[in-house]
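**Student:** Sequence first, predicted model second:
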Amino acid sequence: MPKTKTSSAARTVRLCAPVGELVAAGESADADRPPLRRFSMVAYTGGAMRLAGFGDPVVVDLAGLTIPAGSRPILRDHNRSLEVGHTEAIRVEHARLLVDGVISGVGPIAERIVAESVNGFPWKASIGAAVEEIERVPKGRQTQANGRNFEGPAQIVRRSTLGEVSFVTMAADDETSAQVAAKDHRTHTPTREKNTMDFEAWLNDKGFDDAEALSDAQRTSLKAMFDAEQKQASASATATASDNDDVSDDDEAPTIAGRINANGVVSDMRAEAAAEAQRLADVRRLCANRRDDMEAKAIAEGWDAQRTELEILRADRPTVAGAPAIHAPDNTVTGHVLEAACMMTAGLSGLDDRYEERALDVAATRFRGGIGLQELLLEAAWANGYTGRSFRDSRSVLRFAFKPDLAAAAGVSTINIGGILSNVANKFLLEGFFSVERTWRNITAVRNVSDFKTVTSYRLVGKDQYEIVAPGGELKHGTLGEEQYTNKADTYGLLLSVDRRDIINDDLGAITTVPRKLGRGSGLKINDVFWSVFLNNAAFFSAGNNNFLAGAQTALSIDGLTTAETAFMDQVDSDGKPIGIMPAILLAPTALSAIGTQLFKSLELRDTTASTKFPVANPHQGKFRVEVSRYLGNAQFAGSSTKAWYLLAEPADLPVIETAFLNGQESPTIETAEADFNVLGVQMRGYHDFGVNLQDARGGVKSKGEA
């Protein structure tokens, strides 16, 4: 079964991969703040993981991991409300994701991590990433990522974006460890002075300076809070004084880590989890789903029930005595709102992980019946300073929608409609790209190139055997050999337009149809280029290279496959010694698909000729996976044949053909802009940078299948 890829248009998930380790910590300080603990993480080691929600082991391909600019948050257990710190540097070295940063959090979570690290607690690391493209590798297949070979079944995350990194207690990789070397800071808590603040001063301190405007019910509620706070402060002062009396003048006060150990780490963790659950329940009860913005802020900033109730009372009090409080929802249209509305109108799923809750809520409320193309362009134009109220002057609407600099110069907030359309279009571009045949991807080696220059590589077979080490331990110098192969990338692209008729018809479907066409066009082009190069192989597969077989006995059958296997395994290097590579792939045209599948799956093949003795066991069952391409037998391609078939090595072992991608970008890119002056509409261009070339002739055998 060929491996498949899933684009983000089909599936977007949240990836939390606990596979790292923490090492070394120190301190960072400046003149204006207390010293901050520093940390370093091996956030991901490049291996396979067992993750919830994935049936197969998961590997994050670091070559396809996007690391956004700026700092990333450091959390505890991927909980957005449990901030620990932030990153200062993120890099990939030796197929590992390394993170440096500071513990800038000020809450009990950050204190606990520092304290337990001092005690030697083995913290692990975990990355949170949005998955954009997944490659599924079936059982019996292999693929490469992070410089390693991975055996199927597995899922390779080929494209993802790093969101955050977390401290975690348990990791999927038992071999990892975590250490934080932290200096032991001992502190002494002074005894608190008795709080003598009266109720009126307390009200002023809490921001209720206009206390006369409070109702009797509000004043009663606030007085209960004041009494509870005073009682708690008094009890805390008494307990602190008692603790201080237990410490002699000659002894230092216990450290934070010591107090945690004294009470028990496990008990504290359970108590903290219970307290946090209770806090969340209190906040949601008080907000009662009427104050989504305040509820989110209260949860994120760690408000307790008293703080939440105070803020609700403060927000509810009238600015003018006797005037009713007015609460209007925030329905501001932003770029994220418009983009979310387009995705919802197109019927895409998995939007919760891509957009904020507010953006989805506003999009669903503001554009209940879905957003049209005219409405999308008008919203962007209005945000960029357009004053018209209709689409009648369509050229002006387009000019403002695609020229946010006009609004920026006037100090008006802007929306980049080009970026919105490009983001929406890319989802459908990938759908079109992956909708065409992709057999080429299963038989080719992949190279990452950084420019369009010709690149040269040395062949994988040759004079590279080890030599015996002479007494004294001196190793002999080897050579890379003279056998080389080359490749280079070129740019392929196409420009399509959403014209005035689509805009007048208010057809948002045009924004999804055109990208699908561009994506499909890219998929068809890479097939054309690939198979044109592959089938132009008369000099590559030849008798002189000992990898071409002809004659009636080369038809695809048990005997024909045996002959091809023997020819492949008899291949030798430049010294005349076996290359040591095994065949793995049977590549056939559609006309030979059935017999190829039989040879791979069937335990026996019977000859029904009467009165004939024959063996029925299939010696090739399960040996060579079958790859079928319709291009092999298509008469439009020079060198095509409905009878010829190929026996190939795994491309990772000895590639017959190689595909080079600029900067490792295996899928095309789409960009959107206002059309030229002579065309009223929106233009989209898709482009793809790749190159294909034949490589090592010893990596395969071609059987003509006929005389």
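**Tutor:** It's in.

**Student:** okay, stretch 98-107 in PDB with CA atoms only?
**Tutor:** Coordinates of each C-alpha in stretch 98-107 appear next as PDB, following Å, rounded to 0.1, in the frame of the first residue of the first chain:
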ATOM      1  CA  LEU A  98      17.300  23.100  21.400                       C
ATOM      2  CA  VAL A  99      15.700  25.900  23.500                       C
ATOM      3  CA  ASP A 100      17.200  28.500  25.700                       C
ATOM      4  CA  GLY A 101      15.300  31.000  27.900                       C
ATOM      5  CA  VAL A 102      14.400  32.400  31.300                       C
ATOM      6  CA  ILE A 103      11.900  31.400  33.900                       C
ATOM      7  CA  SER A 104      10.100  34.800  33.900                       C
ATOM      8  CA  GLY A 105       6.800  33.500  35.400                       C
ATOM      9  CA  VAL A 106       6.000  34.900  38.800                       C
ATOM     10  CA  GLY A 107       3.400  32.500  40.000                       C
END
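
**Student:** buried sites along it?
**Tutor:** Of the residues in stretch 98-107, those buried by neighbour count under the rule 16 or more other Cβ atoms under 10 Å are 98-99, 101-105. C-betas here are computed from N, CA, C, even on glycine.

**Student:** before we move on, what about stretch 301-320?
**Tutor:** Buried residues in stretch 301-320 (16+ other Cβ under 10 Å): 302-303, 305, 308-313, 317.

**Student:** Out of these, flag the one nearest to Leu592.
**Tutor:** The shortest separation between Leu592 and any of the buried residues of stretch 301-320 is 66.4 Å, and it belongs to Gly302 (by Cβ to Cβ).

**Student:** Contacts only, for the residue lying closest to that closest one once chain neighbours are set aside.
**Tutor:** Leaving out its chain neighbours, the residue that sits closest to Gly302 by Cβ to Cβ, 6 or more residues apart in numbering is Gly107, at 6.1 Å. With contact set as Cβ atoms under 8 Å, 6 or more residues apart in numbering, Gly107 has these partners: 82-83, 302.

**Student:** Closest to Gly705 out of these?
**Tutor:** Each of the contacts of Gly107 was scored against Gly705 by Cβ to Cβ, and Leu82 proved nearest at 64.4 Å.

**Student:** Assign that closest one to helix, strand or coil.
**Tutor:** For Leu82, the assignment made with DSSP: H, G, I helix; E, B strand; the rest coil gives strand.

**Student:** Most widely separated two among the buried residues of stretch 301-320?
**Tutor:** Gly302 and Arg317 (23.8 Å).

**Student:** and the residue nearest the centre of the chain, bridged to which residues?
**Tutor:** In the chain, the C-alpha nearest the mean C-alpha coordinate belongs to Ser160, at 1.6 Å (Cα atoms, centre = their mean). Beta-bridge pairing of Ser160 under DSSP bridges involves Leu65, Val131.

**Student:** circling back to that earlier point, of the buried residues of stretch 301-320, which is the nearest to Ala543?
**Tutor:** When the buried residues of stretch 301-320 are compared for distance to Ala543, the smallest value, 77.0 Å, is given by Gly302; criterion: Cβ to Cβ.

**Student:** what stretches of the stretch 51-200 of the chain score poorly on pLDDT?
**Tutor:** Along the stretch 51-200 of the chain, segments meeting pLDDT under 70 span 52-53, 171-197.

**Student:** mind listing the strands in it by residue range?
**Tutor:** The residue ranges that make up the strands of the stretch 51-200 of the chain, judged by DSSP state E, counting those that start in this stretch, are 58-60, 65-66, 73-76, 79-93, 96-103, 124-137, 142-145, 148-151, 154-168.

**Student:** coming back round to it: with distance to Val572 as added columns, please give the contacts of Gly107 in CSV.
**Tutor:** Output for the contacts of Gly107, formatted as CSV (distance: Cβ to Cβ, whole Å):
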residue, distance to Val572
Leu82, 62
Glu83, 62
Gly302, 70
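
**Student:** Thr332 is in contact with Ile415, correct?
**Tutor:** No: when contacts are counted by Cβ atoms under 8 Å, Ile415 is not listed as touching Thr332 (11.0 Å).

**Student:** on that earlier part again, any chance of the buried residues of stretch 301-320 in TSV, with distance to Glu467, pLDDT and secondary structure too?
**Tutor:** As requested, the buried residues of stretch 301-320 are arranged in TSV below (distance: Cβ to Cβ, whole Å; pLDDT from 0 to 100; DSSP: H, G, I helix; E, B strand; the rest coil):
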residue	distance to Glu467	pLDDT	secondary structure
Gly302	66	78	coil
Trp303	71	80	coil
Ala305	76	79	helix
Thr308	75	78	helix
Glu309	80	75	helix
Leu310	80	73	helix
Glu311	77	76	helix
Ile312	80	75	helix
Leu313	84	70	helix
Arg317	87	57	coil
